[in-house]
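Q: quick one: sequence and predicted model below, then my questions.
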Amino acid sequence: MRIEQSPEFQIHLQNLRSKEPLFLETIYNVGNGHLGVRDSNPLQGNNPDYIGSPGLFINGFFDYNNVSYGEKYTGYPENDQVINRLLDPRYIRIKVANEDSATDHFVVDIVDKNLDMQTGLLHEMFSVTTPENRNFNLVVESFASLSKQNVYGIRYSIIPTNFDEDVEIIKLHNYVNQMTHQQNEDMRVSQSVGQMQLDFIPDNGQPSYLVTTFRSQQGIILTFQANENYAPDPKIDYFKDDNNQYGYRSKYFAKRGSQKNFEFLFAIGNIHPLVNARMYADQYLSSLNNYIRDTTFESELLASAQVWQTFWLHSDVQIDGDPQSQLCLRFNLFELNQSAGRDEKTSIPAKGLTGNGYGGHFFWDTEIFMLPFFIYTQPDLARKLLMFRYHTLHVAQQQASEFGLSKGAMYAWRTINGYESSSYWLAGMAQFHINADIAFAVDQYYTITGDEAFFQNYGYEIIVETARFWMQYGNFATINGKKQFVINRVTGPDEYSALVNNNYFTNLMAQYNIRLAVKYAHAFKGVDDVLSHLNLSEAEVTKMQEAADLMYLPYNKEKNVKIQYQGFEQLPDMHIDQIDQSQFPLLLHYHPLMLYRYRVNKQADTIMADILFPKGNTLEQLQADYDFYEPITTHDSSLSKAMYAIAASRAGRKKQAYNFFTQAVRTDLMDLHHNTQNGIHAGSLGAAWEGVVYGFARVVNNAKHFSLEPKLPAAWNMIRFKLRLRRTEVLFTIYQNEVQVELMHGKACEIYVYDKKVAVDSSHPKESCRYEVR
Ligand code: IFM
């Protein structure tokens with residue numbers, strides 16, 4: 001099969017030898033939301049002679065590690081959760097004459113790598129030289145299937161360049177904890193590993209494993225098949241070695257210039273409780289096998305490529321006039337789609353499935369920075385991501401109760417299974433805004449999709465339970481003689497401040513969260529028992545209304561700025577412009593308390609409030625906030641620059657908006673934070689999409705009124721993207737002074753470009769409208 005390659009969708013980096021291998025491992029990962037495989041040296045395995053950080057990551061497959069505290073206080077989490085780094089499915093052992101890649105150091109030179117984002121196929125070429133100077137080219141093609149999420153395919157081709165000798169390939173995975181040789185002191189990289197056990201499931205005609213975790217008591221089945229029909233010569237044999245380990249091997253006489261191919265399809269199972277995994281291993285294995293039986297690498301690749309094509313059809317964003325931003329943005333969207341859990345039991349780890357940075361945990365990154373892309377382009381997937389929050393609501397309720405609250409839900413700041421996993425609670429669990437972030441996302445999803453069933457059966461419950469949390473955690477108090485609702489002792493998004501009183505962003509989000517509970521309580525009056533199921537009385541709703549109305553939002557009337565939290569203004573400025581570049585990110589060089597003493601921001605905090613609530617915020621207000629916070633922000637978090645791009649664009653700071661955006665969109669492909677080696681920055685990838693859609697197209701949607709107020713960077717001639725609004729899909733083509741709106745499918749709709757109404761329907765599906773930038 002030949003798949004036409006469009007150059008604009010290829011990640012084909014040049015000068016690969018000058019690039020950090022660990023960076024390449026991340027960039028050229030392949031994944032599909034269930035599994036992710038780092039692009040390792042294929043001969044590495046667990047050989048300590050090779051430097052790298054390979055591995056297979058399965059979304060939601062984790063183990064616990066005991067957290068050891070010097071002083072452990074009541075309620076501190078006992079365990080950290082860490083995503084498991086499993087055996088590397090890319091690994092192959094190659095013997096040439098008397099030389100063996102498992103014991104002799106074969107030098108593996110990277111010649112070429114190309115990731116075709118249209119098909120998801122990673123195509124690589126290595127030049128391999130043995131200690132006795134035998135050289136062969138090794139071509140490796142691999143993909144993670146989007147059409148069958150349990151499937152991963154890999155094909156090797158061996159071409160000797162200077163010898164005629166016996167060659168043997170052995171494909172056997174006899175370890176499960178993939179070793180990594182990466183040394184790292186960075187607290188953002190997880191140092192802990194899971195404890196896994198690998199059991200061979202014997203006599204299946206193909207290598208099959210049961211992998212179980214020691215402490216989290218999870219189990220999965222893995223199996224793989226060699227496709228003998230594809231290349232019958234040389235023959236591939238299933239074998240058992242002296243240690244009763246099962247694999248494939250093939251031995252043949254290789255002539256220089258000749259090419260032999262070996263292809264394998266892996267089926268990587270779903271996660272089961274350990275007892276079930278052991279008890280039903282055979283049953284699970286046989287259904288798993290259906291995915292790879294009677295099929296080939298080629299046909300699975302084709303099926304997966306078709307899903308990728310559908311993805312691009314609906315989700316691509318075209319930027320005309322800026323090829324580098326264009327490529328980076330496509331890479332970002334590709335990675336987002338590779339990272340998103342689709343089984344309602346998982347979400348999107350902060351590093352996608354490309355590393356175990358941040359332990360593989362889910363944060364607010366999903367709801368605030370990534371979900372909007374999915375809501376507008378793949379609403380079904382967005383719903384599944386929100387369902388993960390619904391399925392873990394009972395854990396959030398349990399956490400609230402154990403914490404000492406009589407009602408409500410307290411979602412974990414970082415987690416895989418719903419339970420809090422932040423051992424540094426000051427910048428972790430105390431980020432209670434996660435509760436309102438989730439409620440906000442539920443409302444956004446509902447507003448944009450109109451999915452009543454989701455909202456009524458699941459979404460509203462999340463909103464009520466999180467609103468109850470605020471009612472419990474906050475309290476009424478008197479400030480300057482006025483009754484207010486205050487929320488003290490929280491950490492806002494900015495992690496260079498901790499445990500503050502009345503964080504503006506948190507309070508505004510909480511207010512919105514509570515208001516949503518109240519608004520829909522009125523709407524649901526008398527509807528199918530929704531309110532009685534939630535035990536929501538009129539008195540409780542009235543109290544919520546009062547709290548929302550009296551929410552305290554710190555504000556400096558002289559300067560006209562929103563204040564990050566009470567007392568923030570009294571802190572000394574850190575003068576970050578005078579700090580040596582080598583000291584950034586500050587978190588790696590300063591004691592946290594030293595940072596907390598200063599007026600310095602790691603990332604957008606109060607500015608996030610301006611971005612998420614554009615309606616009613618005047619231009620003057622936005623400009624004042626921007627001018628106050630931008631100079632004190634280090635952007636040490638990769639989530640920050642895209643948000644500042646949006647704020648700058650809306651505040652009319654065109655040049656700054658473009659600068660921030662170009663840096664944000666390049667975060668991973670250009671390794672701007674110098675740590676892409678530990679995994680992609682998934683939140684930042686989604687934030688870059690928001691940069692285009694919220695920042696430059698300036699899309700605002702409040703259900704009844706969908707508007708665009710475009711302000712394109714001077715360098716851009718045009719941007720084009722599709723959005724789904726309710727059941728309608730609309731294509732927007734935006735030039736410097738004109739917007740074209742095209743109804744792709746669905747019902748008639750009205751859109752506002754600045755104040756001008758543009759209406760499209762099936763008889764007039766395409767309209768255009770000129771505009772003047774304001
Ligand atoms: O959620 C973020 C946080 O805002 C900044 N530190 C890293 C987290 C994971 O990306």
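A: Okay, I see it. As the structure is a prediction and not an experimental result, all values here were calculated from the model.
Q: quick check: phi and psi on the residue in the stretch 151-300 of the chain positioned nearest to the ligand?
A: Proximity of the stretch 151-300 of the chain to the ligand (CB to the nearest ligand atom) peaks at residue 188, 7.0 Å away. Heads up, the C-betas are built off the backbone N, CA and C, glycines and all. Per-residue torsions, residue 188: phi -80, psi -10 (degrees, to the nearest 10).
Q: can you count the residues close to it?
A: The number of residues packed near residue 188 is 17, by other CB atoms under 10 Å.
Q: gap between it and residue 685?
A: Distance of residue 188 to residue 685, given as CB to CB, to the nearest Å: 17 Å.
Q: touching, residue 85 and residue 57? I think so.
A: Yes: between residue 85 and residue 57 a contact is recorded at 6.7 Å, counting by CB atoms under 8 Å.
Q: so what sits against both of the two?
A: Between them, residue 85 and residue 57 share these contacting residues under CB atoms under 8 Å, 6 or more residues apart in numbering: residue 356.
Q: which one of those two has more residues nearby?
A: residue 57 (29 against 24).
Q: low-confidence ranges, the stretch 501-650 of the chain, go.
A: Scanning the stretch 501-650 of the chain for pLDDT under 70 picks out the ranges 528.
Q: for the ligand, what's the nearest residue on it?
A: Sorted by distance to the ligand under CB to the nearest ligand atom, the residues of the stretch 501-650 of the chain start with residue 637, at 4.4 Å.
Q: for the stretch 1-150 of the chain, same thing?
A: Nearest residue of the stretch 1-150 of the chain to the ligand, counting by CB to the nearest ligand atom: residue 83, 13.7 Å away.
Q: buried residues in stretch 108-128?
A: Across stretch 108-128, burial judged by 16 or more other CB atoms under 10 Å covers 108, 110, 113-128.
Q: distance check, the closest residue in space to the residue of the stretch 1-150 of the chain closest to the ligand that isn't next to it in sequence against the ligand.
A: Counting by CB to CB, 6 or more residues apart in numbering, residue 83 lies nearest to residue 360, which is 2.4 Å off, once chain neighbours are set aside. From residue 360 over to the ligand the distance is 11 Å, taken as CB to the nearest ligand atom, to the nearest Å.
Q: is it true that residue 360 touches residue 349?
A: Yes: counting by CB under 8 Å, residue 360 does reach residue 349; the two are 4.6 Å apart.
Q: so how far is residue 504 from the residue nearest the centre of the chain?
A: To find the centre residue of the chain, average its C-alpha atoms and take the closest one (CA atoms, centre = their mean): that gives residue 682, at 3.7 Å. According to CB to CB, residue 682 and residue 504 sit 26 Å apart.
Q: near the ligand, which residues of the stretch 501-650 of the chain show up?
A: Those residues of the stretch 501-650 of the chain that sit near the ligand, judged by CB under 6 Å from any ligand atom, are 637, 639.
Q: strands of the stretch 501-650 of the chain, residue ranges please.
A: For the stretch 501-650 of the chain, the strands defined by DSSP state E, counting those that start in this stretch occupy 555-556, 561-562.
Q: just checking, what packs against the last one?
A: Packed against strand 561-562 by the contact rule (3 or more CB pairs under 8 Å, 6 or more residues apart in numbering; DSSP states H and E) you find helix 606-612, helix 619-629.
Q: could you identify which of the ones you listed is most buried?
A: Among these, judged by mean count of other CB atoms under 10 Å, the one packed with the most neighbours on average is helix 606-612 (a mean of 24).
Q: for the residue of the stretch 651-774 of the chain found nearest the ligand, list the residues it contacts.
A: As assessed by CB to the nearest ligand atom, the ligand sits closest to residue 683 within the stretch 651-774 of the chain, at 5.0 Å. The contact partners of residue 683, taken as CB under 8 Å, 6+ apart, are 350, 363, 365, 366, 368, 369, 370, 638, 639.
Q: check the offset of the host helix or strand of it from the chain's centre.
A: With secondary structure defined by DSSP states H and E, residue 683 is part of helix 682-690. The gap between where helix 682-690 is centred and where its chain is centred comes out at 9 Å by CA atoms, centre = their mean, to the nearest Å.
Q: partner strands of the next helix or strand after it, with direction?
A: Using DSSP H and E, the helix or strand that follows helix 682-690 towards the C-terminus is strand 699-701. Applying DSSP bridges, strand 699-701 is found paired with strand 706-708 (antiparallel).
Q: for the following helix or strand past the partner strand, buried residues please.
A: Once the chain leaves strand 706-708, the next helix or strand it forms, by DSSP H and E, is strand 718-725. Residues 719, 720, 721, 722, 723, 724, 725 are the ones in strand 718-725 that count as buried (16+ other CB under 10 Å).
Q: kindly report the same for stretch 395-409.
A: When neighbours are counted by 16+ other CB under 10 Å, the buried residues of stretch 395-409 are found to be 395, 396, 397, 399, 400, 405, 407, 408, 409.
Q: between these, which is nearest the ligand?
A: Proximity of those to the ligand, judged by CB to the nearest ligand atom, is greatest for residue 396, which lies at 17.3 Å.
Q: where does the closest one sit: helix, strand or coil?
A: Using DSSP: H, G, I helix; E, B strand; the rest coil as the criterion, the local structure at residue 396 reads helix.
Q: now do the one 5 residues further on
A: Each residue gets one of three states, and residue 401 gets helix by three-state DSSP.
Q: what's the answer for residue 456, then?
A: With three-state DSSP as the criterion, residue 456 was assigned helix.
Q: got the contact list for the closest residue to it other than its chain neighbours?
A: Leaving aside its chain neighbours, residue 456 sits nearest to residue 530 (6.2 Å; criterion: CB to CB, 6+ apart). Taking CB under 8 Å, 6+ apart, we find residue 530 in contact with 456, 460, 524.
Q: picking that back up, make a markdown table from the buried residues of stretch 395-409 and add distance to the ligand and pLDDT to it.
A: Written out in a markdown table, the entries for the buried residues of stretch 395-409 read as follows (distance: CB to the nearest ligand atom, whole Å; pLDDT from 0 to 100):
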| residue | distance to the ligand | pLDDT |
| --- | --- | --- |
| 395 | 19 | 98 |
| 396 | 17 | 98 |
| 397 | 23 | 98 |
| 399 | 18 | 97 |
| 400 | 21 | 98 |
| 405 | 23 | 98 |
| 407 | 27 | 97 |
| 408 | 22 | 98 |
| 409 | 19 | 98 |
